[in-house]
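Participant: Provided below for reference: sequence and predicted model.
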Amino acid sequence: MIGYLSAFLLTSVARLLTGARSLWLGCAPTRTQRIYFANHTSHGDFVLLWASLPPALRRRTRPVAGADYWQKGQLRRFIINRVFNGVLVDRERRDPSADPLQPMLDALDEGHSLIMFPEGTRNLEEGLLPFKGGLYRLGQARPTVELVPVWIANLNRVMP
């Protein structure tokens, strides 16, 4: 319950402070399972993208995030696990035999949609960095899941 209330408060504050909204160009909000993939400039990206989804979609959509960052500290773990229900990936590949896509495939198999940033890291430059291959491999492995490109614009006006 505290996770749900935290999510409600966080998304409400994010939308209020930033005016975040979605312009659904070329597609509309639907219960269709999707992978939303976006440019990545700050840790606020997935919060604002997630907050701009309609509540029914938000409950079924999980951000993909690096375990190395989000497992540090009790507060981060609470936020990613209990507030966002994030899918954590091992970017450091501690176990070379483990498939880094497996947590995302598992989430898709459970019926969730995903938010991911295929540049692989935050991009502080203009335009996009080259994509890592994970998005392509997810699309190949789960061809019925829609891939929806998202462009996050003007975040620099609200984030330092």
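Facilitator: Noted; the coordinates are in hand. Numbers count the residues shown, from 1 in each chain.

Participant: from Leu114, how far off is Gly134?
Facilitator: Distance from Gly134 to Leu114, counting by Cβ to Cβ, to the nearest Å: 11 Å. Every residue, glycine included, has its C-beta placed from N, CA and C.

Participant: spit out the residues that contact these two alike.
Facilitator: Here Gly134 and Leu114 have Met104 as joint contacts, going by Cβ atoms under 8 Å, 6 or more residues apart in numbering.

Participant: compare these two (neighbour count), which wins?
Facilitator: Using other Cβ atoms under 10 Å as the criterion, Gly134 and Leu114 rank with Leu114 on top: 21 against 17.

Participant: and the more buried one, what is it in contact with?
Facilitator: Leu114 makes contacts with Arg34, Ile35, Tyr36, Thr61, Arg62, Pro63, Val64, Val87, Met104, Ala107, Leu108, Leu138, as judged by Cβ under 8 Å, 6+ apart.

Participant: that one: which element?
Facilitator: strand 113-116 (DSSP states H and E).

Participant: ok, now Val148?
Facilitator: Secondary structure from DSSP H and E places Val148 in strand 146-150.

Participant: return that strand as PDB; C-alpha atoms alone will do.
Facilitator: Taking Å, rounded to 0.1, in the frame of the first residue of the first chain, the C-alpha atoms of strand 146-150 are listed here in PDB:
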ATOM      1  CA  GLU A 146       4.500  -3.300 -30.100                       C
ATOM      2  CA  LEU A 147       7.600  -1.100 -30.100                       C
ATOM      3  CA  VAL A 148       6.700   2.500 -29.500                       C
ATOM      4  CA  PRO A 149       9.400   5.200 -29.900                       C
ATOM      5  CA  VAL A 150       9.100   8.100 -27.400                       C
END
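
Participant: what strands line up against it, and which way round?
Facilitator: strand 34-38 (parallel) (DSSP bridges).

Participant: what does the partner strand rub up against?
Facilitator: The contact list for strand 34-38, computed with Cβ under 8 Å, 6+ apart, reads 45, 49, 61, 108, 113-118, 135, 138-139, 145-152.

Participant: out of these, which are buried?
Facilitator: Among the contacts of strand 34-38, those classed as buried by 16 or more other Cβ atoms under 10 Å are 45, 49, 61, 108, 113-118, 135, 138, 145, 148, 152.

Participant: what's the weakest-modelled helix or strand in this structure?
Facilitator: The weakest-scoring helix or strand in the chain, judged by mean pLDDT, DSSP states H and E, is helix 2-18 (a mean of 76).
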